[in-house]
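S.K.: Provided below are the primary sequence and the corresponding predicted coordinates.
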Amino acid sequence: MGCLMTKDKSIFIKNIYYMLSYAFQILKQSNYDEVASEKFDKAQDLFAAILSKGIAQQLKQGLFREYVTKNETLPVMRGKLDMPNTIRNQIQRKQKLACEFDELSEDNLFNQILKATIHFLIIDDGVDSKRKSTLKKLLVFFDGIQQLEPSEIQWSRLHYQRNNKNYELLMNICYFVLDGMLQTTEKGEYKMTAFSDDHMARLYEKFILEYYHQHHTYFSEVKAGQVKWNLVGDNSESMMRFLPVMQTDIMLRLNERILIIDAKYYGRTLQTRFDKYSLHSGNIYQIFTYVKNQDKDNTGNVAGLLLYAKTDEEITPDCTLNMGGNQIGAKTLDLNKEFSLIAAQLDKIADDFFQPQLPKASYRENEMAQIIVLGQQY
């Protein structure tokens, strides 16, 4: 089974697909069944397979079109008159009007990004030859679309609405390839490198949140919620604007009990000083602050967990402490295992904290049956 290397950790390539399928539900549609059953040695080959299926499906529906501004010289008026260029035409004795107008076009940023990604996957050695052949056939449908340099892409300009919602998965896969893996060599050429930790960190957070949302439906709340500062005093409202937002990665609630999980995907889990290993102090301060401000009445019903993606370090954190009446813990999630074992690790985290309030056994067995079925699908 192929492994994805990101600095000091390795991840089964198959698990990248599982994580993506939680982050993007569209991957569970029937047209992606073939991808789910394949084996991949390289991350870019997995991404090529997903894009092949997704783009083929999109072509059946038609590529997304949006209004783009065009400037052309025409014999009749269209849109707005470009006066300076029209006068220039008159001076040059050209009896035409310079016009600026909006036109529905497939040559937009979304499709330009798809074309660029297809291009770089086709020339990459890590993509299977059959997959390259499929991508080349798809590339024919992008003839009228500009070739875009990856460094020119303004990812913040991508916005999704009802008529381009299917592009969200495709654009994220393109983002992983073009921004997360593609690097420029000294000669100014492009090559694929290890998947970046920054991009994996976002997927890691989204995966954990969606896993609990889908398989632990007994929770009254599963969200990436904000914690409000527990301020007192007459000027507390005016001081609020100077404080940073406390945005959690995952917040699980069952009745009065709350578990705040902060997902961490680092090259190194622990820091060392004078041969002593310790957790990153900033991580501890952060989760402690979240917990104490959420538990403003000091009930002890709020706990915090730093959940690190496991690295190749010999020592990894696995501890739970009582800090000021609240549980604060640090654990690792091993992404280099079969997915059923990853699921078991996540289930145990929830069970350990919420055990006294968990639903009856029959209901829990129902939940576990859903997870088993999911595993069989893959």
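M.R.: Perfect, thanks for sending it.
S.K.: what are the ranges of the helices in the stretch 51-200 of the chain?
M.R.: Under the criterion DSSP state H, counting those that start in this stretch, helices of the stretch 51-200 of the chain are mapped to 83-91, 109-122, 129-139, 167-178, 197-215.
S.K.: right, and those helices - which one's nearest Lys53?
M.R.: helix 129-139 (9.2 Å; CB to CB). Any C-beta I mention is one placed from the backbone N, CA and C, and that applies to glycine too.
S.K.: Turn the helices of the stretch 51-200 of the chain into TSV, including mean pLDDT, distance to Met239 and mean neighbour count.
M.R.: What follows is the helices of the stretch 51-200 of the chain, written out as TSV (pLDDT from 0 to 100; distance: least, CB to CB, whole Å; neighbours: other CB atoms under 10 Å):
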stretch	mean pLDDT	distance to Met239	mean neighbour count
helix 83-91	82	53	13
helix 109-122	95	41	22
helix 129-139	96	55	15
helix 167-178	92	38	21
helix 197-215	90	29	19
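S.K.: what's the closest of those helices to Asn235?
M.R.: Among the helices of the stretch 51-200 of the chain, helix 197-215 sits nearest to Asn235 (CB to CB), with 34.6 Å.
S.K.: Looking at the helices of the stretch 51-200 of the chain, which is nearest to Ile349?
M.R.: Of these, nearest to Ile349 by CB to CB is helix 197-215, at 9.1 Å.
S.K.: Show me what the closest one is packed up against.
M.R.: Packed against helix 197-215 by the contact rule (3 or more CB pairs under 8 Å, 6 or more residues apart in numbering; DSSP states H and E) you find helix 13-23, strand 221-223, strand 250-254, strand 257-264, strand 302-309, helix 339-354, helix 361-377.
S.K.: Include distance to Leu270 when you put the helices of the stretch 51-200 of the chain into a markdown table, please.
M.R.: Rendered in a markdown table, the data for the helices of the stretch 51-200 of the chain read as follows (distance: least, CB to CB, whole Å):
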| stretch | distance to Leu270 |
| --- | --- |
| helix 83-91 | 63 |
| helix 109-122 | 36 |
| helix 129-139 | 39 |
| helix 167-178 | 28 |
| helix 197-215 | 16 |
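S.K.: Beta-bridge partners for the residue lying closest to Leu306 once chain neighbours are set aside, please?
M.R.: Sequence neighbours aside, Ala330 is the residue nearest to Leu306 in space, at 4.3 Å (criterion: CB to CB, 6 or more residues apart in numbering). Beta-bridge pairing for Ala330 (DSSP bridges): Leu306, Cys319.
S.K.: thought Ala330 was touching Leu279?
M.R.: Yes: the criterion here is CB atoms under 8 Å, and Ala330 meets it with Leu279 at 5.7 Å.
S.K.: Thr272 versus the residue nearest to Leu306, what's the distance?
M.R.: 16 Å (CB to CB, to the nearest Å).
S.K.: cool, Asn108 as well?
M.R.: For Asn108 relative to Thr272 (CB to CB), the value is 50 Å.
S.K.: These two: which is more packed in?
M.R.: Asn108 (18 against 10; other CB atoms under 10 Å).
S.K.: Give the burial count for Ser278, as a bare number.
M.R.: Using other CB under 10 Å: Ser278 sits among 11 other residues.
S.K.: show me the contacts for it.
M.R.: 270-272 (CB atoms under 8 Å, 6 or more residues apart in numbering).
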